[in-house]
Each structure stands twice: as C-alpha cells, then as structure tokens.
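A.B. asks: can't give you the sequence, but here's the structure:
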C-alpha cells in the first residue's frame with residue numbers, strides 16, 4: 001500500500017510497482033544466502049560461542065521495527 005501510495009502520479013504507478021517487486025525479489029534471493037553465510041561464519045570463527053548471528057538478527061529486527069514505526073498511520077488519497 002505504501003509503495004503504490006508513493007507514486008507521484010498515476011502515470012508512473014506501474015513503474016513504481018515494478019521497482020518495488022524487483023527490490024523484494026532481490027531481497028528474497030539474497031537473504032537466505034546471506035543468512036546462511038553469516039551463520040556459518042559465526043560458527044566457524046566461534047563469535048559469541050557461535051551465536052553472533054542471532055545477535056545481529058535481533059539488532060536488525062529492532063532497527064527495522066523502528067523504521068516501520070516511522071511510516072504514517074494513514075495513507076493519503078490522491079484524486080487525479
């Protein structure tokens with residue numbers, strides 16, 4: 001909803017939606033490989049007894065929750 005609401009005009013709504021879908025698909029492709037590599041690195045180098053990956057993900061979740069709280073509560077309607 002926020003992606004479609006961020007389009008400045010209805011003419012570019014398809015392009016904005018396409019960019020959003022591309023970004024999400026790249027994150028879904030890279031995310032599991034990054035998480036697995038981070039887990040393996042944490043275990044191999046015995047960072048925080050191999051649990052550093054969980055600390056990193058908890059911090060990341062906190063930052064993303066904070067960013068999500070910065071989104072507006074309501075979406076403005078644009079009549080064009």
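C.D. replies: Noted; the coordinates are in hand. The model shown is predicted, which means the values in this text are computed figures rather than measured ones.

A.B. asks: contacts and neighbour counts: CA atoms only from here.
C.D. replies: Noted.

A.B. asks: tell me which residues of stretch 1-17 come out buried.
C.D. replies: Using 16 or more other Cα atoms under 10 Å as the test for burial, stretch 1-17 gives 4, 5, 7, 13, 16, 17.

A.B. asks: residue 72: which of these is nearest?
C.D. replies: residue 5 (11.3 Å; Cα to Cα).

A.B. asks: hmm, residue 17 and residue 4 touching each other?
C.D. replies: Yes. Judged on Cα atoms under 8 Å, residue 4 makes contact with residue 17 at a distance of 6.4 Å.

A.B. asks: where does the chain have low pLDDT?
C.D. replies: 77-80 (pLDDT under 70).

A.B. asks: recalculate using a threshold of 90.
C.D. replies: The chain contains residues with pLDDT under 90 at 1-14, 16, 71-80.

A.B. asks: quick one: the helices in it, in order.
C.D. replies: Remark: helices assigned in the chain by DSSP state H are 2-5, 13-44, 52-69.

A.B. asks: and the first one, what does it pack against?
C.D. replies: Looking back up the chat, that one is helix 2-5. Packing partners of helix 2-5 (3 or more Cα pairs under 8 Å, 6 or more residues apart in numbering; DSSP states H and E): helix 13-44.
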